[in-house]
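Peer 1: no sequence for this one, just the structure:
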């Protein structure tokens, strides 16, 4: 556990459900479904492949120029957007059996990992409060980044942004 | 994902934080720390070893008579008990590096797995509402069971019981 991450999260005076989603080491989509009692829809804003630049190559321990899948989605429950998520995943790193699902736009990451019985851990990087932003009509945004690790390799890097307002009073 | 588990959980008219703790596929201790903004203390009620009976041998795919560690703890935050947890773990199944920590009474399971970078998944079994029980002064109790799987083997079986009352209005 990155104790800085937890310490920072505890200090934020934000709705409890937001703090839970921002801090969970499990699936955010799944938590949202439990909290809202509605299905979560994954709305794809963008999906394309890019050649790895220096920082991606370093992050994933791959070669510069290797294919990386870049996906941006919004998680929506009962018509309300809760999370804006950007993910990077080196394509050759994905287990063969899950690659097709991973490349599809509409399936949450957590569900894919679960359905294929993939064992993982989630390593937190940073969490920060961004003021003066604009997300889903909100100017205050909580941003966190973490890596999903499988067989000791970084399978995916994820940045999630969540608006800090009363939509989280669930 | 056991969809029955999720469907049942959604139907319960219970405090959101309780539903979240009962449904998470991550660490409960960690969630409690985020929700309460306090450290969670693990109070050991009992810890001893038993020889595996038929059902344990079947659950863990071990031989009848193999040593199984049985641990009962209460999770307490800010003086309030939230979870009564019973765990069973076949001792020879534990990775050598984590065995010592596992046998210590006062370290939460999630922290041990995390500190040793163990990749896992959690497979849900059942969740049910138990009426007419008595737990931490409460007669209504939510009970769930799940298995922690590592390298395809069941590392641990856990049953958690949580009182259904307003202590979860966090």
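Peer 2: The structure has been received and is ready for your questions. Here the structure is a predicted model, which means the values were calculated and not measured. Numbers count the residues shown, from 1 in each chain, chains lettered A, B, ... in the order given.

Peer 1: distance of residue A:119 from residue B:149?
Peer 2: Distance of residue A:119 to residue B:149, computed by CB to CB, to the nearest Å: 7 Å. The way it works is simple: take the backbone N, C-alpha and C, and place the C-beta from them, glycine included.

Peer 1: between the two, what contacts are shared?
Peer 2: By CB atoms under 8 Å, 6 or more residues apart in numbering or on different chains, residue A:119 and residue B:149 have these common neighbours: B:120, B:121.

Peer 1: show me where pLDDT drops low in chain A?
Peer 2: For chain A, the stretches with pLDDT under 70 are A:1-3, A:105.

Peer 1: for chain A, what lies in contact range of chain B?
Peer 2: Counting by CB under 8 Å from any CB of the partner chain, the residues of chain A close to chain B are A:1, A:6, A:9-10, A:16-17, A:19-20, A:23-27, A:30-31, A:33-35, A:37, A:110-111, A:113-115, A:117-121, A:149-151, A:170.

Peer 1: now, of these, which are buried?
Peer 2: Neighbour-count burial (16 or more other CB atoms under 10 Å in any protein chain shown) is assigned, among the residues of chain A next to chain B, to A:6, A:9, A:16-17, A:19-20, A:23-27, A:30-31, A:33-35, A:37, A:110-111, A:113-114, A:118-121, A:149-150, A:170.

Peer 1: helices of chain A, start to end?
Peer 2: Using DSSP state H, the helices of chain A run over A:3-11, A:16-23, A:28-36, A:54-60, A:96-103, A:109-115.

Peer 1: which one, of those, ends up nearest to residue A:72?
Peer 2: helix A:109-115 (12.8 Å; CB to CB).

Peer 1: in chain A, what residue is nearest chain B?
Peer 2: Closest to chain B within chain A is residue A:26: 2.9 Å, counting by CB to the nearest CB.

Peer 1: check contacts around that residue.
Peer 2: Residue A:26 sits next to A:110, A:122, B:24, B:25, B:26, B:27 when contact means CB under 8 Å, 6+ apart.

Peer 1: start to end distance for stretch A:150-169?
Peer 2: End-to-end distance of stretch A:150-169 (CA to CA, to the nearest Å): 34 Å.

Peer 1: relative to residue B:130, how far out is residue A:110?
Peer 2: Per CB to CB, residue A:110 is found 29 Å from residue B:130.

Peer 1: hmm, I was thinking of residue A:79
Peer 2: Residue A:79 sits 35 Å away from residue B:130, going by CB to CB.

Peer 1: of those two, who's got more company?
Peer 2: residue B:130 (14 against 7; other CB atoms under 10 Å in any protein chain shown).

Peer 1: residue A:135 and residue A:165 touch, don't they?
Peer 2: No: applying CB atoms under 8 Å as the test, residue A:135 and residue A:165 come out as separate, 9.8 Å apart.

Peer 1: looking at the two, which one has more neighbours?
Peer 2: Per other CB under 10 Å, whichever of residue A:135 and residue A:165 has more neighbours is residue A:135, with 20 against 17.

Peer 1: quick one, what contacts that one?
Peer 2: By CB under 8 Å, 6+ apart, the residues touching residue A:135 are A:84, A:141, A:161, A:162, A:163.
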